[in-house]
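Colleague: model the following, please.
(chains A and B)
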Amino acid sequence: DAKTTQPPSMDCAEGRAANLPCNHSTISGNEYVYWYRQIHSQGPQYIIHGLKNNETNEMASLIITEDRKSSTLILPHATLRDTAVYYCIVRVPTGANSKLTFGKGITLSVRP
Amino acid sequence: DAGITQSPRHKVTETGTPVTLRCHQTENHRYMYWYRQDPGHGLRLIHYSYGVKDTDKGEVSDGYSVSRSKTEDFLLTLESATSSQTSVYFCAINPSGGGEQYFGPGTRLTVT
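Modeller: Residues are numbered from 1 along each chain as shown, chains lettered A, B, ... in the order given. Modelled structure (predicted):
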């Protein structure tokens, strides 16, 4: 699986957009970008994934650069409940051995 | 809600005793996983299953065994608990066999 790099932390004001960056310069052509988050004391939560096109769901948007070497997760209107550690993971999405390798992630703090 | 429950949610046990953690899913998905999460190590895969009676080892399987006699239940057993197995244990399901996994609420195990 390609390695990802995320800054250790960031914060944003409640109600504003939170843009979380991720670098994955060694991504290969068949690897997808996945985002998860973990709110304190809870299990990780799947957010969104994509291959090369931008994706949007009810939780967030995922913007992948044209060269696919980086991506941004966007929470359009951050709330206090979005305070969590966010993980960017790059992997081929096939097979039973679909273990997820979580790095250190980025800690997002949403301030009132 | 991915329909995953874990039991017990909290357990304190003594070194040398056997412990069994249960993961139950309501959706009859094929793929299930056990992870442990420790400070400084992130999430690490212990064992996974790709069907009834079909299981395989993850990266930290020593000291753990698993069983899956029914689609909906995946059991993790510590045959003789040690203090190094004090951790938070998460179960996950993978509905599609791809990269999206859905996690249970976790079991906090303390071995004294």
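
Colleague: nearest residue to residue A:30 other than its sequence neighbours?
Modeller: residue A:92 (5.5 Å; CB to CB, 6 or more residues apart in numbering or on different chains). (Each C-beta comes from the backbone N, C-alpha and C, glycine too.)

Colleague: now that neighbour: phi and psi?
Modeller: Residue A:92 adopts backbone torsions of phi -80, psi 130, taken as degrees, to the nearest 10.

Colleague: swap in residue A:21?
Modeller: phi -90, psi 160.

Colleague: what number of residues lie near it?
Modeller: Per other CB atoms under 10 Å in any protein chain shown, the neighbour tally for residue A:21 reads 15.

Colleague: pretty sure it contacts residue A:74?
Modeller: No: Residue A:21 sits out of contact with residue A:74 when judged by CB atoms under 8 Å, with a separation of 10.3 Å.

Colleague: now for chain B, the helix or strand with the poorest mean pLDDT.
Modeller: Ranked by mean pLDDT, DSSP states H and E, the weakest helix or strand in chain B is strand B:42-51, scoring a mean of 90.

Colleague: so which elements touch the helix or strand just after that one?
Modeller: As assigned by DSSP states H and E, the chain's next helix or strand after strand B:42-51 is strand B:54-57. In terms of contacts (3 or more CB pairs under 8 Å, 6 or more residues apart in numbering or on different chains; DSSP states H and E), strand B:54-57 is packed against strand B:42-51, strand B:64-70.

Colleague: swap the cut-off to 10 Å and go again
Modeller: Applying 3 or more CB pairs under 10 Å, 6 or more residues apart in numbering or on different chains; DSSP states H and E, we find strand B:54-57 packed against strand B:31-38, strand B:42-51, strand B:64-70.

Colleague: nearest to chain A, of the ones you listed?
Modeller: Chain A lies closest, by CB to the nearest CB, to one member of the helices and strands packed on strand B:54-57: strand B:42-51, at 3.6 Å.

Colleague: and the angle for that closest one with strand B:31-38?
Modeller: If you take axes from the mean of the first three to the mean of the last three CA atoms, to 10 degrees, strand B:42-51 sits at 160 degrees to strand B:31-38.

Colleague: list the neighbouring strands of the helix or strand containing residue A:46 plus their orientation.
Modeller: Assigned by DSSP H and E, residue A:46 falls within strand A:45-50. Sheet pairing for strand A:45-50, assigned by DSSP bridges, gives strand A:32-38 (antiparallel).

Colleague: what about the closest residue to residue B:57 other than its chain neighbours, how many neighbours?
Modeller: Once flanking residues are discounted, residue B:57 sits nearest to residue B:47: 5.9 Å by CB to CB, 6+ apart. Residues contacting residue B:47 under the criterion other CB under 10 Å number 21.

Colleague: no more questions from me, cheers.
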